[in-house]
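Novice: Got a predicted model here, sequence first, then my questions.
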Amino acid sequence: MSDNKAFYVTTPLYYANDELHIGHAFSTLAADIVSRYHRSMGHQVHFLTGSDEHGQKVEQAARSKGLSPLEHTDCLVKKFKSLWELLDITYDDFIRTTEDRHKKVVTELLQKLYQKGDIYAANYNGWYCTPCERFWTEKEVPEKTCPDCKRAVQEIEEKNYFFKMSAYQQALIDYINHHPGFIRPENRRNEVLGFLRQPLGDLCISRPKSRLSWGIELPFDTEYVTYVWFDALTNYISAVGYPFDMEKFKKLWPANFHIIGKDILTTHAVYWTTMLMAADLPLPEAIFAHGWWVTGEGKMSKSVGNIINPRELVAKFGLDPFRFYLFREMVFGMDASYTEENFINRYNADLANDYGNLCQRTLPMIVKNREGLFHKKEATLPQSMEIAKMAGEIKADYIKAMNDMLFHEALKRTWDLIQRLNKYIDETAPWKLAKEQNYEILDEVFYTIGEGIRFVTHLVEPFMPHLAPEFLKQIGDSNGFVKIPDLQWGQLKDRTRVTSEPVPLFPRLETERIQNLKKGTKPAEKDEKKTEKQAEKAAPISEDGLVSFDEFLKTELCIATIETAEKVENADKLLKLTVSLGEEKRTLVAGIAAFYNPDQLPGRQVVMVKNLKPAKIRGIVSHGMILAAATPDGGLALVTPDKPAKTGIRVK
């Protein structure tokens, strides 16, 4: 990005005829997160959102409420802005298509293309869907229902104005082929190229006032208004000065990213791009079409009744966990499924267990053993040096992922460092170092953890802008946030003092299943007895008590790495573990709670029975068993490799 070019990102204009749901919030939060990131990189940012307020649906919705169209859209725009305030959306401009600054540009663009000969009048006969405000050909509606919304279409014959979209078909194909990053992700690019293999028709860009009066009047025929998509798409240039403030326009255009849902890919990747070509304007640098959030009933829809209200989720779980979950859970560009239990499990595993626990298990020890002070030490432990090197590598990967809008990858790499820091605590055992009064190494360990917390907090700040500063407060870092290019390992000052009483920033949440257990709905004890019988069957024993080699081979042992551990409700001996087998993750229930604290386990490698039949224990389905042995003092020792092994590899 050149020094004089600002980073310009846009959301779709949301259609002012209904309430917003989690899908709308997702697009806007994505734009907010990437805007915060680029500000943290030291870039000038221009973040545009707004509302699409013309068209037949808006006119009908207003009439049904006894309001004028403008009164109706005024009410909805207040709700839009209220939601963006709740989600702390840091937009720089909110444009409404009813504003004069926008209408002037639409009129100017229409006149320019008309004079150029790219807009012409013709009689049209076809099938029209009023809810979608779209014409369809006879072949496209054999059942006389709209392919998009499945509602009835009506046959219409009328004069209209058309944009010569077909004239730019080959130019668009060539552009996409020569700019592989223009449409993202790759499957969406292929989808557009597939669409363009068929002859591209011309685009009807008008509606007669006799049928629709709520729109921008055509400058060359006052009996018609502009088709809502031609009107709305123009906002991306009308909001940044075109053609009346070209100095501002050149500083911002072309947009770096149009962030959209996959359902409006064609309108942006074909309609909008050919409009820009006709106007002799540069195309945006990238169009990123993300997937849908779906529930058990499929895509969220008011008609289906499966709308998820972002206000309710924020009220229930908090703003930052809501923001984090959306982008940690979804691979940006693909669909993702939402359930409340999924939300809670992700929250507990990543926020409560990993990130939050990193502070909660360390800071009290520093207060107790080192008067709450971090003492900056040069790294001597191999693990300390490894983590410092890893932090630099992760920062580079994070920047690349964020530049490419791969939010899930940026968070994954950040969590790699968080999980490594938790493992580092287990490896170095600062509680033992304190007991031995080995303060030289203890100070190095505490500083590495504190610096790690500071480092990852800078990376999560765009996703969690309210709780991230609280982590800096807890470790006593009064310097605040530095720009990401200036973020280096070792910037936590010597003798920084931690908060004396660190507060859990991510208290654990309970799923409905756990809440039911607390109410007294206990699973039958026979589940555990049944599991014991299944374990016996895993390696059948012969009459002489010996297992044959062939029978032994039926038991598949492998190396698993524990990622999370938590106590099972109402079970003193049981821990619920999440383990990694490399490409696969599993949930296990292990009877080791009397011998191991959950905080000690993440990062440990263990030997696991991989091919044990799943068993339900205290309501949790356990997919395997880890091995342990009794110790001389009456304790229990997990069976582990004597040096790091490849996760998932079979034990021979």
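Specialist: Structure's in. What do you need?
Novice: So residue 48: helix, strand or coil?
Specialist: Counting by DSSP: H, G, I helix; E, B strand; the rest coil, the backbone at residue 48 sits in strand.
Novice: can you start the count at 417 instead of 1 from here on
Specialist: That works, and once the first residue is 417, the last one we named lands at residue 464.
Novice: what's around it, how many residues?
Specialist: By other Cβ atoms under 10 Å, the residues close to residue 464 number 22. (C-beta placed from N, C-alpha, C; glycine too.)
Novice: cool, and residue 487?
Specialist: Residues within reach of residue 487, counting by other Cβ under 10 Å, total 11.
Novice: do the same with residue 1029
Specialist: Neighbours of residue 1029 under the rule other Cβ under 10 Å: 12.
Novice: same deal with residue 447?
Specialist: If you count neighbours by other Cβ under 10 Å, residue 447 ends up with 25.
Novice: in what helix or strand does it lie?
Specialist: If you go by DSSP states H and E, residue 447 is part of helix 438-456.
Novice: Tell me which other helices or strands that helix touches.
Specialist: strand 423-431, strand 461-468, strand 673-677, strand 703-706, strand 709-711, helix 726-733, helix 735-745, helix 823-844 (3 or more Cβ pairs under 8 Å, 6 or more residues apart in numbering; DSSP states H and E).
Novice: how far is whichever helix or strand comes after the third one from where the chain is centred?
Specialist: Counting by DSSP H and E, the next helix or strand C-terminal to strand 673-677 is helix 681-682. Using Cα atoms, centre = their mean, to the nearest Å, the mean C-alpha position of helix 681-682 is found 21 Å from that of the whole chain.
Novice: Not counting helix 681-682 itself, show me its contacts.
Specialist: Helix 681-682 is contacted by residues 599, 604, 607, 608, 611, 703, 705 when judged by Cβ atoms under 8 Å, 6 or more residues apart in numbering.
Novice: Quick one: buried ones out of those?
Specialist: Neighbour counting over the contacts of helix 681-682 (16 or more other Cβ atoms under 10 Å) leaves 599, 604, 607, 608, 703, 705 as the buried ones.
Novice: Now render those residues as JSON lines, adding distance to residue 588.
Specialist: Shown next, in JSON lines, are the buried ones among the contacts of helix 681-682 (distance: Cβ to Cβ, whole Å):
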{"residue": "599", "distance to residue 588": "10"}
{"residue": "604", "distance to residue 588": "15"}
{"residue": "607", "distance to residue 588": "14"}
{"residue": "608", "distance to residue 588": "9"}
{"residue": "703", "distance to residue 588": "12"}
{"residue": "705", "distance to residue 588": "16"}
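Novice: you'd agree residue 550 is up against residue 556?
Specialist: No. Counting by Cβ atoms under 8 Å, residue 556 is not a contact partner of residue 550; they are 10.0 Å apart.
Novice: who's more crowded, these two?
Specialist: The residue with more neighbours, out of residue 550 and residue 556, is residue 550; 21 against 13, by other Cβ under 10 Å.
Novice: Can you give me the distance of the more buried one to residue 518?
Specialist: 22 Å (Cβ to Cβ, to the nearest Å).
Novice: count of residues packed around residue 617?
Specialist: Neighbourhood size, residue 617 [other Cβ under 10 Å]: 12.
Novice: repeat for residue 538
Specialist: Using other Cβ under 10 Å, residue 538 is surrounded by 10 other residues.
Novice: Please apply the same query to residue 885.
Specialist: Residues lying near residue 885 (other Cβ under 10 Å) number 15.
Novice: which ones are touching it?
Specialist: Applying Cβ under 8 Å, 6+ apart, the residues near residue 885 are 877, 896, 897.
Novice: ok, so what distance separates residue 980 from residue 736?
Specialist: 20 Å.
Novice: ah, wrong one, I meant residue 576
Specialist: Residue 576 sits 49 Å away from residue 736, going by Cβ to Cβ.
Novice: what's the lowest-pLDDT member of the contacts of residue 885?
Specialist: In terms of pLDDT, the least confident member of those is residue 896, at 89.
Novice: contacting residues for the nearest residue to it once chain neighbours are set aside?
Specialist: Closest residue to residue 896 apart from its sequence neighbours, by Cβ to Cβ, 6 or more residues apart in numbering: residue 888 at 6.8 Å. By Cβ under 8 Å, 6+ apart, the contact set of residue 888 is 870, 873, 896, 897.
Novice: what's the neighbour count on the second one?
Specialist: When you say that, I think you mean residue 873. Residue 873 is flanked by 24 other residues according to other Cβ under 10 Å.
Novice: What of the one 3 residues further on?
Specialist: The local packing of residue 876 (other Cβ under 10 Å) involves 22 other residues.
Novice: so what's the nearest residue to residue 443 once chain neighbours are set aside up against?
Specialist: Spatial nearest neighbour of residue 443, excluding adjacent residues (Cβ to Cβ, 6+ apart): residue 427 at 4.9 Å. With contacts defined as Cβ under 8 Å, 6+ apart, residue 427 is in contact with 443, 444, 447, 464, 465, 466, 675, 676.
Novice: Excluding residues flanking it in the chain, which one is nearest the second one?
Specialist: Counting by Cβ to Cβ, 6+ apart, the nearest residue to residue 444 once its immediate chain neighbours are dropped is residue 427, at 5.1 Å.
Novice: how far away is the one you found from residue 647?
Specialist: 17 Å.
Novice: and what of residue 702?
Specialist: Per Cβ to Cβ, residue 702 is found 23 Å from residue 647.
Novice: ok, now residue 456?
Specialist: Applying Cβ to Cβ, the value for residue 456 to residue 647 is 35 Å.
Novice: The stretch 617-766 of the chain: helices as residue ranges?
Specialist: 644-649, 651-654, 662-668, 681-682, 689-694, 726-733, 735-745, 756-762 (DSSP state H, counting those that start in this stretch).
Novice: Turn those helices into JSON lines, columns for mean neighbour count and mean pLDDT.
Specialist: Listed next are the helices of the stretch 617-766 of the chain as JSON lines, based on neighbours: other Cβ atoms under 10 Å; pLDDT from 0 to 100:
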{"stretch": "helix 644-649", "mean neighbour count": "24", "mean pLDDT": "93"}
{"stretch": "helix 651-654", "mean neighbour count": "25", "mean pLDDT": "98"}
{"stretch": "helix 662-668", "mean neighbour count": "14", "mean pLDDT": "96"}
{"stretch": "helix 681-682", "mean neighbour count": "17", "mean pLDDT": "94"}
{"stretch": "helix 689-694", "mean neighbour count": "22", "mean pLDDT": "98"}
{"stretch": "helix 726-733", "mean neighbour count": "16", "mean pLDDT": "92"}
{"stretch": "helix 735-745", "mean neighbour count": "22", "mean pLDDT": "95"}
{"stretch": "helix 756-762", "mean neighbour count": "16", "mean pLDDT": "91"}
